[in-house]
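Chemist: Below are the sequence and a predicted model; questions follow.
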Amino acid sequence: MRPDLPIVLRGVAMTLFSQVAPIVPTPFGQQTAGIAGTLASIAGQEVDRLADRLLAENRAIVAVVDAAAPVVTVVALRSRIAVAPAELDTPDIRISTLQAANDRLRALLIDIHAAVELTPGEGARAMEERIWAELVESTRRRHVEVMR
């Protein structure tokens, strides 16, 4: 048997919701079992999609960062923009490796966003809109269905 972690975690969540919480004698205990079930459900979804989400997000951020290059005038940021695509060439696809690259790319995106906000012109406004659009999409990628 091969343990399929998303299925196992959904099973744990359903057991906590349907079998454990109803027989716990205190409201606090019932609430705790419900919270544990919700967390197991969320973890099951994340386990299944996390590497894919991080890879997609890292690619999307690199695309936004590359597009920002003509608008950014801060020399230190321009040099960071130039090396940002290297973040896509990770030595492995472990979650910790992908998340570290994501953290660095997000820090760069934040710095670019701050610089663009201070830059006059329509190009800067268009880049602000593109950055906000990616942040909205990033939020959408993280959406989870909570089962009860």
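Modeler: Okay, I see it.
Chemist: what does stretch 81-98 contact?
Modeler: The contact list for stretch 81-98 (CB atoms under 8 Å, 6 or more residues apart in numbering) reads 50-51, 54-55, 58-59, 61-62, 65-66, 68-69, 72, 101, 104-105, 108, 112. For the C-beta atoms, the positions are set from N, CA and C on the backbone; glycine is no exception.
Chemist: hmm, try it at 6 Å
Modeler: 50-51, 54, 58, 62, 65, 69, 101, 105 (CB atoms under 6 Å, 6 or more residues apart in numbering).
Chemist: Only the buried residues of it, if you could.
Modeler: By 16 or more other CB atoms under 10 Å, the buried positions in stretch 81-98 come out as 81, 84, 87, 98.
Chemist: Buried only: go through the contacts of stretch 81-98 for me.
Modeler: Neighbour-count burial (16+ other CB under 10 Å) applied to these gives 54, 58, 62, 65, 101, 105.
Chemist: what's the most distant pair in those residues?
Modeler: 54 and 65 (15.9 Å; CB to CB).
Chemist: where does this protein dip in pLDDT?
Modeler: 1, 147-148 (pLDDT under 70).
Chemist: Spell out the residue ranges of the helices in it.
Modeler: Assigned helices in the chain, in chain order: 5-15, 27-68, 75-83, 95-117, 122-141 (criterion: DSSP state H).
Chemist: Rebuild these as a markdown table, extending it with distance to residue 21.
Modeler: Supplementary listing: the helices of the chain in a markdown table, determined by distance: least, CB to CB, whole Å:
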| stretch | distance to residue 21 |
| --- | --- |
| helix 5-15 | 10 |
| helix 27-68 | 4 |
| helix 75-83 | 49 |
| helix 95-117 | 30 |
| helix 122-141 | 30 |
